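Colleague: Everything below, folded, please.
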Amino acid sequence: MRTTRTVPARPALIVTLGLATAGSLLLAPGTAGADPKPVVREGAPVDDRAARAPESAALRALTAPEETSATTDTRGYPRRQVLSPDPENPGDKSLKLGLVPYHGIAPKLNALQRLGDRVSVEVTGRSAGGHRLYLVTVTAPETTREARAQERMRDLIERAPATAAKSPEIKRAYKTPVFVNSNIHGNEWEGTDASLRIIEQLATAGDAGTRDLLAHSRLYFNITANPDGRIAGTRANAGGFDLNRDFVTASQPETRAMRRIQLDTQPAVLLDLHGYVNGTLIEPTTPPHGENYEYDLFLKNTYANALGMESAVNALGYTPAKDGVEPAQIPFRDQEEGWDDWPPIFTPQYAAFHGTVAAHTVEIPLAVNNEEYDELPVAELRRRAAVNTAVAGAAVRATLDHVRQRRATLIADQIEVFRRGAAGAPQVPVSPDTVPGVPGIGPEDVYTTAFPRAYVIPPGTSHAQRSAPAAARLVDHLLANDVRVTRATRPFRLAGRTHPAGTYVVDLHQPKRGMANALLADGRDISDKVSAMYDISGWSLGRLWGATVEPVTSGSLRGAPLRPVTEAAPVAQVPPHGGLRLRLDDPREIAALNSLLRDGVTVREAPDGSAIVPAAARRAALAAARAHDVAFTATRLTGTTPLHRPRVAAAVTPGELFALREMGFDVTPVSTAVLNAGFDWSGTDVLFVSAGLDRARLTAPARAALDAFLDRHGLVGRGATGAALNAAAGRLAVTPVAGDEDANGVVRVTNPGPLTRGAPDHTFVYAPLWFTGLGAGVRVEQAYAAGNPVVSGHWRPLRDGSGGPAAAAGRAAVVSGDRTVLFGTEPLFRGHPKGEFAQVARALITVAQSVSVEESG
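Modeller: Here you go, the predicted model:
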């Protein structure tokens, strides 16, 4: 428990902080505050609204190549370019707040470049909605030779940290990289405006402190990480994704652009500017702390910078009585739990794995979004936005002062992070002795892990190709996250086992071992550690992405025939003769099937659920294999029932809609409102429901049309919303039982049914359901494992003792029957658990196919 506090104790951040009602917010500045609800991370982890994202947003995210940021080139600074203007948009939500609209950013950046020789502007990519993403670099001018020297030193710090630690050149000449990320949530605007003001000040300031800062630092500003949301006034991007939950998956182009910036610039310090928590919330966080960090170094530097930001924000002079602004708070010091840094899905937590030793979410104080945006007078909104801009500016300026004063320590500690990883050195548990000067460190803050010696990822063989697309995807994802991967050139032995040529090996003696382990390890069940978590608590790619991942805890890699790889070996394969068989265990295989069906190729179902393509369609199969990197195998089977590409009406979350499009389904988003407006069901084969469709709220004609569709067609449901529609429509005779609505993580399952044939023996849950009272004709497709099914995550029983993992153990997690499939799990959650996608795909195909067979019969 925390023992040192400098502000009144707040036991947990999930309590309400004396918030006013929406009506009273109109009365006086003294009542201004955060959203009138508990202070938690804004945005429900499980979205109950039906996704409406346009297909174009998914197409951009799925097909746009990752930009190679210009920060990797060796041109000198400044690097100027004239940005073409964007069309003026009077509907930009920033305008009401008196802030810079998106169409005003390009002209502003052009003007800033003209102020002198310190400001450079680059375009790092485009958003899901097609808007440019701008990176501004502020530093003292550099010749080409000086820029090359900076890149060489940056590379030495990561690649040879033991050498870098002794380098007098790095101590003397290396510029400390600082990254300021703004507006990742589109309706948290003011970080962008604060950054633009600070850039303008830095561009022309002639004082000695500024000259010293820019001579010894490179300052990188991601001006708006989410231009789609800035324009629309939404938290999410045009694809419906919360970008500050996407770093492990990196499904969105904006996330990949931020990742690229971090890899290329290797910031020692990072600020991620958010809103709105009153008083201003400045990390470090409460427990639990990510077990793969070098947390002693992270806490030391993050806490020290937080103190400076707190002082600067409070020094602005805002008060509760006069301005409605509470004193700043530091969760590590002032709270017990509720604002943790456990998962690396958030910007600062992800950055820690790339050498950032001081990383902060900063939540500015006064809410101007959501109901406040709609209900408050414009004058009050602009007053609040001005306060927020000043607070964000104070946090940035204090950080720059900290960097100027502590740059030697910051770089030395970044080098030490990489040195420990490369050497396989043990982590240093935090304590008052190892992190002096940080108050209140206790045993509840100690989270470390036992790193394996390596991970082995079998590539798949001609007899087990189902794992090949998954292994290739995982390897490419590791490489994109700057994890080093090698591949065996011939068979080798490791820890008493022989592995074939082509096997991938991830040596955990590497600078970014924390990143590698965070992605590949099972994780930990932390249900007994804290009562509440901020967001997800389990995410293991090793368990959820469909590849086989084997930790190796002992043995030596010395002499092993391993070569570094820069990309996974191609999987695409089509035999030269005979019929062709395509397994349907991976989203890439589902996408290949849907592309063949879209192009009119005759494909038939095999008894084991795979797809049979005739020899006459070999050319089309070859094109699909190359496009989706999948392998066809030779077969003498001709298949039975012809398959058809299902036309899916989907009332689902943004992540699910994205996953369906990733698999190539023909999807039409629907919702209660869409059905009430009049929906033509004639172009639909199957309905998939998990969010945003409530039969009770339908008009009588819409309800009758839905019922008529379900009388003849199929339903796939997921979660409470899907189960409710199943009950209302009188489909499967089951009783859904709900676990804790915040329970989440990786769980063990068994797969007795045909829909889950070949599925991993682990899956993901959030707000888990299970099914009891199974009636006649109901089949169990998947069940929670016996005992405690939780592998990693946070799942506690409810207060009355029900709803916990013990109650779910052995119960049905996925059931089917009568043209209906119900999921109590989250196989498409945020587009992340790739190895689980095929379960939903098979459900949609099977349900749609059963209707087609009945009609043809």
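
Colleague: For the rest of this, base every contact and every neighbour count on C-alpha atoms.
Modeller: Fine.

Colleague: What ranges does the stretch 1-150 of the chain have for its strands?
Modeller: 10-12, 119-126, 132-138 (DSSP state E, counting those that start in this stretch).

Colleague: swap that for the stretch 201-350 of the chain, sorry
Modeller: Using DSSP E, counting those that start in this stretch, strands in the stretch 201-350 of the chain cover 217-222, 269-275, 281-282, 286-289, 335-337, 340-341.

Colleague: looking at those strands, which is closest to D228?
Modeller: Counting by CA to CA, D228 lies closest to strand 217-222 out of the strands of the stretch 201-350 of the chain; the figure is 14.4 Å.

Colleague: which other helices and strands contact the closest one?
Modeller: strand 132-138, strand 176-182 (3 or more CA pairs under 8 Å, 6 or more residues apart in numbering; DSSP states H and E).

Colleague: what angle sits between it and strand 119-126?
Modeller: Orientation check (axes from the mean of the first three to the mean of the last three CA atoms, to 10 degrees): strand 217-222 against strand 119-126 gives 40 degrees.

Colleague: how distant is strand 217-222 from the center of its chain?
Modeller: Here strand 217-222 is found 23 Å from its chain centre; the criterion is CA atoms, centre = their mean, to the nearest Å.

Colleague: ok so, going back, is it possible to get a markdown table of the helices and strands packed on strand 217-222 that adds mean pLDDT, mean neighbour count and distance to V746?
Modeller: Putting the helices and strands packed on strand 217-222 into a markdown table (pLDDT from 0 to 100; neighbours: other CA atoms under 10 Å; distance: least, CA to CA, whole Å) gives the following:
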| stretch | mean pLDDT | mean neighbour count | distance to V746 |
| --- | --- | --- | --- |
| strand 132-138 | 98 | 24 | 34 |
| strand 176-182 | 98 | 25 | 30 |
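
Colleague: ok so, going back, possible to save the strands of the stretch 1-150 of the chain as JSON lines with distance to G209?
Modeller: Formatted as JSON lines, those follow (distance: least, CA to CA, whole Å):
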{"stretch": "strand 10-12", "distance to G209": "38"}
{"stretch": "strand 119-126", "distance to G209": "17"}
{"stretch": "strand 132-138", "distance to G209": "14"}
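
Colleague: now whichever helix in the chain runs longest, how far from the chain's geometric center?
Modeller: When the chain is parsed with DSSP state H, its longest helix is helix 378-423. In terms of CA atoms, centre = their mean, the centre of helix 378-423 is found 22 Å from the chain centre.

Colleague: Following the chain past that helix, name the next helix or strand.
Modeller: Using DSSP states H and E, the helix or strand that follows helix 378-423 in sequence is strand 454-457.

Colleague: Can you list the strands that that next one pairs with?
Modeller: The pairing partners recorded for strand 454-457 under DSSP bridges are strand 504-507 (antiparallel), strand 550-552 (antiparallel).

Colleague: after the longest one, next one along is what?
Modeller: So that's strand 504-507. As assigned by DSSP H and E, the chain's next helix or strand after strand 504-507 is helix 513-520.

Colleague: what's the distance between the spatially most central residue of the chain and L637?
Modeller: The centroid of the chain falls nearest to D246 when counting by CA atoms, centre = their mean (1.5 Å). Distance, D246 to L637, by CA to CA, to the nearest Å: 42 Å.

Colleague: cool, A268 as well?
Modeller: Separation of A268 from L637 (CA to CA): 58 Å.

Colleague: Looking at those two, which is more packed in?
Modeller: In this view A268 and L637 are compared by other CA atoms under 10 Å, and A268 has more residues nearby, 27 against 18.

Colleague: OK, contacts around the closest residue to V391 other than its chain neighbours?
Modeller: Closest residue to V391 apart from its sequence neighbours, by CA to CA, 6 or more residues apart in numbering: V313 at 5.7 Å. By CA atoms under 8 Å, 6 or more residues apart in numbering, V313 lies in contact with 280, 328, 391, 394-395.

Colleague: Which pLDDT value belongs to V313?
Modeller: What the model reports as pLDDT for V313 is 98.

Colleague: Take the helices and strands packed on strand 217-222 and lay them out in TSV including distance to E567.
Modeller: Conversion of those to TSV gives the following (distance: least, CA to CA, whole Å):
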stretch	distance to E567
strand 132-138	26
strand 176-182	28
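
Colleague: OK, contacts around G546?
Modeller: 467, 470-471, 586, 759-760, 834-836.

Colleague: is it true that it lies in a helix?
Modeller: No - using DSSP: H, G, I helix; E, B strand; the rest coil, the assignment for G546 is coil, not a helix.

Colleague: Quick check: the gap between it and V565.
Modeller: 21 Å.

Colleague: ok, and the helix or strand in the chain with the lowest average confidence?
Modeller: Scoring the helices and strands of the chain by mean pLDDT, DSSP states H and E places strand 10-12 at the bottom, with a mean of 39.

Colleague: Name all residues that make contact with A238.
Modeller: Counting by CA under 8 Å, 6+ apart, A238 makes contact with 53-54, 57, 127-129, 228-229.

Colleague: again, only this time at 7 Å
Modeller: 53, 57, 128-129, 228-229 (CA atoms under 7 Å, 6 or more residues apart in numbering).

Colleague: So it versus A232, what's the distance?
Modeller: A238 is 9 Å from A232, by CA to CA.

Colleague: To S595, which of the helices and strands packed on strand 217-222 lies closest?
Modeller: strand 132-138 (30.4 Å).

Colleague: List the neighbours of the closest one that are in contact with it.
Modeller: Contacts for strand 132-138 (CA under 7 Å, 6+ apart): 118-127, 218-225.

Colleague: what distance separates it from the centre of its chain?
Modeller: 22 Å.

Colleague: Just checking: what are the partner strands of that strand?
Modeller: Paired strands of strand 132-138, defined by DSSP bridges, are strand 119-126 (antiparallel), strand 217-222 (antiparallel).

Colleague: TSV for the ones you listed, including mean pLDDT?
Modeller: Putting these into TSV (pLDDT from 0 to 100) gives the following:
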stretch	mean pLDDT
strand 119-126	97
strand 217-222	98
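
Colleague: Same list (these) but as TSV, adding mean neighbour count.
Modeller: Shown next, in TSV, are the strands paired with strand 132-138 (neighbours: other CA atoms under 10 Å):
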stretch	mean neighbour count
strand 119-126	22
strand 217-222	24
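
Colleague: where exactly do the helices run in the stretch 1-150 of the chain?
Modeller: Here the stretch 1-150 of the chain has its helices, by DSSP state H, counting those that start in this stretch, at 55-63, 105-113, 144-159.

Colleague: Extract the CA atoms of the last one and return them as CSV.
Modeller: Extracted as CSV, the C-alpha positions of helix 144-159 are listed here (Å, rounded to 0.1, in the frame of the first residue of the first chain):
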residue,chain,number,x,y,z
THR,A,144,24.7,15.5,-43.6
ARG,A,145,27.8,14.3,-41.9
GLU,A,146,26.4,15.3,-38.4
ALA,A,147,23.1,13.6,-39.2
ARG,A,148,24.9,10.4,-40.2
ALA,A,149,26.9,10.5,-36.9
GLN,A,150,23.7,10.8,-34.9
GLU,A,151,22.2,7.8,-36.7
ARG,A,152,25.4,5.8,-36.2
MET,A,153,25.4,6.6,-32.4
ARG,A,154,21.7,5.8,-32.2
ASP,A,155,22.3,2.4,-33.8
LEU,A,156,25.3,1.7,-31.5
ILE,A,157,23.2,2.4,-28.4
GLU,A,158,20.8,-0.4,-29.4
ARG,A,159,23.0,-2.8,-31.3
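
Colleague: Show me what the helix or strand following that helix is packed against.
Modeller: Remark: after helix 144-159, the chain's next helix or strand is helix 161-164, criterion DSSP H and E. Judged by 3 or more CA pairs under 7 Å, 6 or more residues apart in numbering; DSSP states H and E, the packing partners of helix 161-164 are helix 378-423.
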